[in-house]
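Q: Any chance you could fold what I've pasted below:
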Amino acid sequence: MSSFSIPLTGLKSSTTALNTIANNLANMNTTAFKSQDVSFSDLFYQQIGASGSGDPLVVGAGSQVAATSTDFTEGSVNSTGNVDDMAIGGSTGAGFFVVQDGNTTEYTRDGGFTVSASGNLTTQGGLNVMGYPVVGGVVNINAPLTPIQLPVGSSQQPAATSNLSLTANLDSTAAVGDVAAGQVQLYDSLGKSYNANVSFTKTGVNTWDYSFALPAGASTGGTNLTGTLTFDANGNLTSPATNVSGISFTGMGDGAANLTFNWNLYGASGQPSVTQFATPSDVSGYVQDGYASGQYEGFTVAGDGLISAKFSNGQTSPVGQLALANVVNPQGLAVGGGNLYRTTLASGAASIGVAGTGGLGTIQDGALEASNVDISSEFSNLIIAQQAYEASSKAITTFDTVSQETINMIH
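A: Down below sits the predicted model:
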């Protein structure tokens, strides 16, 4: 009897709504969970006649679930303090992390990652987090995506000093023969550090001789360790007119290669870093690019998704850049377990890019995106779905009573 089948469709539709609401409430604390909503439509109609004016007389067959939609609104981003955790935020907050299980590519908003024993950055479910590789110390965004791998348990090779910059002033009122001195730290090819002495001796008006020296026994000789600086009447360096190259300590006592470096007297703008003014002489600072070897200690994540390994020597080294994906129609994504999504014909193919470009959000490290379930809305929807279910149930019991009365009339 249609009297029973019609309210049964209502029960079925309401059950789907109740299940969806229950799933939303169950995932209130699931990282980056996106709530879902159910919409209904009526079923087909049967014409049972026509009115006197010719209008059709129709009877409906019930209801059905028309669609389940996902709310992709960004959840609140909460700090966790765990560097392995990442969230997609920014002005748009759009995009998905790209993860891979074998040859299967999936997408997720859940940035609760971990580092495996082999150094791979993975999801809690063990899927590799994908990104752009580093080639020659530079990220190649034109290369195919590869798993992000961190140098767990490895050490960074030392680097000898190859460039040195000094910030100094030499007192223009100093007497001939006066000496201004300072120390700079240099590294050889084996990572050993030296406190090198740099001294400036005034030899005449606006003229100073310089000299570099390592501690006794550190080397047996050197080239270009001395020279002359000349200044104009305004205290600006005029000679050398370019950076000094090829300063070298030879015969290193620890067996390292010759310690050869350039002294960058001029900055990127061409402004000299050594001056001669009527203030006390002072070597106020220096910058050099050498360092000792170091052990891997962790990693950092920049807003554009660049992941850099940290070492105990204070150095960082890029290892990859997180890739983010987006689709034309997120509602068309197939929802899987574990906070994962897959593309379908309805969603369209995923476009891959770098965080902060092409409408994609930026990466916030040490934070996770919360579920976007609104408990007050869900409870309101729960009451409505419950009432709809009870109404359909009441219709069935009413039709059952009518059926029993009809049978009793026959008997």
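
Q: OK, contacts around the spatially most central residue of the chain?
A: For the chain, residue 305 is the residue whose C-alpha lies nearest the centre (Cα atoms, centre = their mean; 3.2 Å). Counting by Cβ atoms under 8 Å, 6 or more residues apart in numbering, residue 305 touches 131, 321, 322, 323, 324, 354, 355, 363. No exception for glycine: its C-beta is placed from N, CA and C like everyone else's.

Q: Which member of the residues you listed is positioned nearest residue 189?
A: The nearest member of the contacts of residue 305 to residue 189, counting by Cβ to Cβ, is residue 321 at 30.0 Å.

Q: what are the bridge partners for that closest one, then?
A: residue 132, residue 306 (DSSP bridges).

Q: Could you count how many residues lie near it?
A: 23 (other Cβ atoms under 10 Å).

Q: before we move on, back to that, output the contacts of residue 305 in JSON lines; the columns should cover pLDDT and distance to residue 225.
A: Listed next are those as JSON lines, based on pLDDT from 0 to 100; distance: Cβ to Cβ, whole Å:
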{"residue": "131", "pLDDT": "97", "distance to residue 225": "46"}
{"residue": "321", "pLDDT": "97", "distance to residue 225": "42"}
{"residue": "322", "pLDDT": "97", "distance to residue 225": "47"}
{"residue": "323", "pLDDT": "97", "distance to residue 225": "49"}
{"residue": "324", "pLDDT": "97", "distance to residue 225": "52"}
{"residue": "354", "pLDDT": "95", "distance to residue 225": "46"}
{"residue": "355", "pLDDT": "94", "distance to residue 225": "48"}
{"residue": "363", "pLDDT": "95", "distance to residue 225": "47"}
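
Q: okay, now the domains of this protein?
A: 2-72+372-410, 78-154+296-369, 163-288 (automatic domain parsing).

Q: so which of those is the most packed in?
A: Counting by mean count of other Cβ atoms under 10 Å, domain 78-154+296-369 has the highest mean neighbour count of these, with a mean of 18.

Q: Check the domains of the chain for me: which has the lowest mean pLDDT.
A: Among those, domain 2-72+372-410 has the lowest mean pLDDT, at a mean of 82.

Q: next one: that one to chain centre, how far?
A: The chain centroid and the centroid of domain 2-72+372-410 are separated by 44 Å under Cα atoms, centre = their mean, to the nearest Å.

Q: any idea how far residue 241 is from residue 270?
A: Distance of residue 270 to residue 241, given as Cβ to Cβ, to the nearest Å: 10 Å.

Q: Who are the packing partners of the longest helix seen in the chain?
A: The longest helix of the chain (DSSP state H) is helix 375-410. Counting contacts by 3 or more Cβ pairs under 8 Å, 6 or more residues apart in numbering; DSSP states H and E, helix 375-410 is packed against helix 2-26.

Q: quick check: angle from the helix it packs on to helix 375-410?
A: Helix 2-26 runs at 160 degrees relative to helix 375-410, counting by axes from the mean of the first three to the mean of the last three Cα atoms, to 10 degrees.

Q: Can you classify residue 328 by secondary structure?
A: Under DSSP: H, G, I helix; E, B strand; the rest coil, residue 328 falls in the coil class.

Q: need the contact list for it.
A: Residue 328 sits in contact with 347, 348, where contact means Cβ under 8 Å, 6+ apart.

Q: Apply 7 Å and report the result again.
A: Shown in contact with residue 328 (Cβ atoms under 7 Å, 6 or more residues apart in numbering): residue 348.
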